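Chemist: Return a 3D structure for these sequence lines:
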Amino acid sequence: MIRFRKLSLIRQILYLSLLMLVILLISYVISNLIAKRIIEVKVTESVSRIFLQVEEKMNSFDSDMEGISTFLFYSPTIQAYLSSDDVLTRVLKNQEVLSVFANTISLKENIRGIQLYDKEGKFLASIGSGSKQAVPSPVSSIEYSNLIDTSLSDSRDSKRSFYAITAPIYQLDSNRLVTGFMGIGRFFMDATNFSPILNSAKVTANSQVMLLDRNNMTIASEGNLMNPDSFRVEEWERNKRYIVQTITLPRSGWKLISLIPRDELLADLDTVKRFNIFTYAVMICILCFFLFIFFTRILKPIKELMDFMKAYPRMGGESRYQVMHHNEIGVLGANLNKMLDDIDSLSKEVQSTQARMYEIELTKKQMEISAFRNQINPHFLYNTLESMRAVALIHEVEVIADISASLSRMFRYAVKGSNFVSVKDEIDHANEYAKIIDFRFRGRFKIIIDADEELLEECMLKMLLQPIVENAVFHGLERKVGKGVVHIGVCRIESNRIRFAIRDTGYGMDERQYAELLNKMKLYHEPGYINEDTDKGIGLLNIYRRIKLFYGEEADLRLESRLHEGTAVYITFPVTAKDGQREER
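Modeler: Model (predicted):
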């Protein structure tokens, strides 16, 4: 086996092909030897299944007869007739009993007569054919007799087979419980109803199916192989020219026997042999065609693919395998090209990610430096603002007190170290700014906030909302004569995304300004770009850069603006876990 593995693929295929031809020849010889056995086994299995169906039909017939027996012999008329010991009463009821018998005979065509006996087995009443002699008594259950040898005056019936079904009759009380043995009922049956059942069990045209009683006498038979009057199962089972199968019916004890001539089963074997020869010839041709296809469509492309893989390190990263075949080898080559493309893409993505991580760290450092710069003696500034608020309250100037409190809270919010806050904190910060703007412009500008309450506890990046509102006021509303409104909407647009919509009714931008701003946003999005104006405050472009750095491509900032109509800013970012976003607190 090890030596075979060391051979080239071409030699392995040739050896396997020769082995396959030898196997085909051996299989042809063996198939002829076992064909007979296969046919016999299949026929035997088929006959067994058919016999099971026949047995079910016989059981169904037995169940019907049991039901008819119960219906007849436990009817009020028969029960009253057998319960009475008075001869005169029985004579008077005899006609009624015969009427019930006649109705029962009409239920089954093969019921040729019905007899009724008392508990000693003496004859009481009868209709149709059948013996009127006394029968053995008592009878414990329904019994099927053997073949009844009888001569009838009707020449048609004299050619048929008959048997009897005997059933015990018990006395029932008002609760339908058995209180004692009353008599015997007997059906005189015609066996012709079994002929269709036996005929359905024939497998071949010349096979024979027989129904034998417990004495091996033929009750019914379909086929012409033998004289059905006498049959010995043992002799036929030893005869190799026939396939013999036998089952015993459980209720009656009768035997169901199938005889199938072996010659008839194997008559088509020569045809099978010729067909096998033709099949093997076709298989050899297909094998040769397969070898041709294998060498031209598989081995050759595989060799080309292997040559490319060996030469790839020398040719460089831009070279790709040229797919010439539209089969599995072509799919393999295409997947190889895709893998190489993915490797290049991943390499570029790793470099981009590293650059992005560097930018994030750099931005964090810049923010920390800015925070440290803004935190120079913060307690002095807080205390100063609180002192101003206290003086305003002493002099009952509540407006100054409120403005001082709002400015103090805004300052505290801006300089605290965490990069992430809740949506509620960000909205509260914007509200503090709105109070200052309302005081400064004497109610000229209104800032309206409409936020979904379900989103108030979600995490977001700090200082996104107030700088945009500040831009809307100073670059939009303040440049326009008259009153103005800044509307802030916070909603969930998808299952895991939040959108801030900041719309103002201010001055807006012309097409040149709008295009210039979009171009700057594109430059901000380029890896390695450093903003030179970060020391002048957090503007719209810085917000765009921050959300891209912290949220990646899942975040977006979109602008809409028309001159003299206003500007709308839409910020979209994903909802993330609270713990993950507030880990810096």
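Chemist: can you tell me the helix or strand for residue 312?
Modeler: Taking DSSP states H and E as the definition, residue 312 sits inside helix 300-315.
Chemist: and what of residue 187?
Modeler: Taking DSSP H and E as the criterion, residue 187 maps to strand 178-190.
Chemist: which strands and helices sit next to the following helix or strand past that strand?
Modeler: From strand 178-190 onward toward the C-terminus, using DSSP H and E, the following helix or strand is helix 194-200. For helix 194-200, the packing partners by 3 or more C-beta pairs under 8 Å, 6 or more residues apart in numbering; DSSP states H and E come out as helix 9-73, strand 208-212, strand 218-222. C-betas here are computed from N, CA, C, even on glycine.
Chemist: Out of these, which gets nearest to residue 307?
Modeler: Ranking the helices and strands packed on helix 194-200 by proximity to residue 307 (C-beta to C-beta) places helix 9-73 first, at 14.9 Å.
Chemist: next helix or strand past the closest one?
Modeler: Where DSSP H and E defines the elements, the next helix or strand beyond helix 9-73 is helix 76-83.
Chemist: what number of residues lie near residue 295?
Modeler: Other residues near residue 295 come to 12 when the count uses other C-beta atoms under 10 Å.
Chemist: per-residue pLDDT, the nearest residue to it once chain neighbours are set aside?
Modeler: Once flanking residues are discounted, residue 295 sits nearest to residue 10: 7.5 Å by C-beta to C-beta, 6 or more residues apart in numbering. Residue 10 is assigned a pLDDT of 72 by the prediction.
Chemist: cool, and residue 381?
Modeler: Listed pLDDT for residue 381 reads 66.
Chemist: Nearest to residue 178, out of the helices and strands packed on helix 194-200?
Modeler: Closest to residue 178 of the helices and strands packed on helix 194-200, according to C-beta to C-beta: helix 9-73, at 12.5 Å.
Chemist: For residue 217, grab phi and psi.
Modeler: Note on residue 217: its backbone torsions stand at phi -90, psi 140 [degrees, to the nearest 10].
Chemist: which residues touch it?
Modeler: 146-147 (C-beta atoms under 8 Å, 6 or more residues apart in numbering).
Chemist: Please indicate which of the helices and strands packed on helix 194-200 has the most neighbours on average?
Modeler: Comparing those by mean neighbour count (mean count of other C-beta atoms under 10 Å), strand 208-212 comes out on top with a mean of 24.
Chemist: Can you give the contact residues for that one?
Modeler: Residues outside strand 208-212 that contact it (C-beta under 8 Å, 6+ apart) are 191, 194, 198-199, 201-202, 218-226, 228, 231, 254-259.
Chemist: Please check those and keep the buried ones.
Modeler: With neighbours counted by 16 or more other C-beta atoms under 10 Å, those contain buried members at 191, 194, 198, 201-202, 218-223, 228, 231, 254-259.
Chemist: So what's the gap between the strand holding residue 187 and the chain middle?
Modeler: Offset of strand 178-190 from its chain centre (C-alpha atoms, centre = their mean, to the nearest Å): 58 Å.
Chemist: mind listing what it pairs with, with the direction of each?
Modeler: strand 111-118 (antiparallel), strand 162-172 (antiparallel) (DSSP bridges).
Chemist: quick one: that strand to strand 218-222, angle?
Modeler: Counting by axes from the mean of the first three to the mean of the last three C-alpha atoms, to 10 degrees, strand 178-190 points 50 degrees away from the direction of strand 218-222.
Chemist: how much does strand 178-190 deviate in direction from helix 9-73?
Modeler: Using the same axes, to 10 degrees, strand 178-190 lies at 110 degrees relative to helix 9-73.
Chemist: model confidence over strand 178-190, on average?
Modeler: Mean per-residue pLDDT for strand 178-190: 90.
Chemist: ok, now which ones touch residue 482?
Modeler: Going by C-beta under 8 Å, 6+ apart, residue 482 touches no other residue.
Chemist: And residue 160, by the same measure?
Modeler: Counting by C-beta under 8 Å, 6+ apart, residue 160 touches 190-192.
Chemist: Can you tell me how far residue 39 is from residue 261?
Modeler: 12 Å (C-beta to C-beta, to the nearest Å).
Chemist: Can you pull out the low-pLDDT segments for the stretch 401-550 of the chain?
Modeler: In the predicted model, the stretch 401-550 of the chain carries pLDDT under 70 at residues 417, 524-538.
Chemist: what's the answer for the stretch 201-350 of the chain, then?
Modeler: Using pLDDT under 70, the flagged stretches of the stretch 201-350 of the chain are 225-231, 268, 316-318, 326.
Chemist: let's see it at 80
Modeler: Scanning the stretch 201-350 of the chain for pLDDT under 80 picks out 224-240, 262-274, 276, 291, 293-334, 336-337, 340-341, 343-345, 347-349.
Chemist: Helices along that one, start to end?
Modeler: Per DSSP state H, counting those that start in this stretch, the stretch 201-350 of the chain carries helices over the ranges 233-238, 262-265, 269-294, 300-315, 328-374.
Chemist: and the longest one, what other elements does it pack with?
Modeler: By that I understand helix 328-374. Helix 328-374 packs on helix 300-315, helix 398-415, helix 540-551, going by 3+ C-beta pairs under 8 Å, 6+ apart.
Chemist: Now do the following helix or strand past the second one: which elements does it pack against?
Modeler: Following helix 398-415 in sequence order, the next helix or strand is strand 420-422 (DSSP H and E). Counting contacts by 3+ C-beta pairs under 8 Å, 6+ apart, strand 420-422 packs against strand 459-461.
Chemist: List the pairing partners of the strand it packs on within its sheet, with orientation.
Modeler: With DSSP bridges as the test, strand 459-461 is paired with strand 420-422 (antiparallel).
Chemist: related to what we said a few turns ago, tabulate the helices and strands packed on helix 194-200 in JSON lines, adding columns for distance to residue 405.
Modeler: Shown next, in JSON lines, are these (distance: least, C-beta to C-beta, whole Å):
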{"stretch": "helix 9-73", "distance to residue 405": "86"}
{"stretch": "strand 208-212", "distance to residue 405": "109"}
{"stretch": "strand 218-222", "distance to residue 405": "112"}
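Chemist: Those: which one's closest to residue 122?
Modeler: helix 9-73 (16.4 Å).
Chemist: relative to helix 328-374, how tilted is the helix holding residue 312?
Modeler: Orientation check (the same axes, to 10 degrees): helix 300-315 against helix 328-374 gives 30 degrees.
Chemist: Would you mark the buried spots in helix 300-315?
Modeler: 301, 304-305, 308.
Chemist: Mind putting these into TSV with distance to residue 275?
Modeler: Shown next, in TSV, are the buried residues of helix 300-315 (distance: C-beta to C-beta, whole Å):
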residue	distance to residue 275
301	37
304	42
305	42
308	47
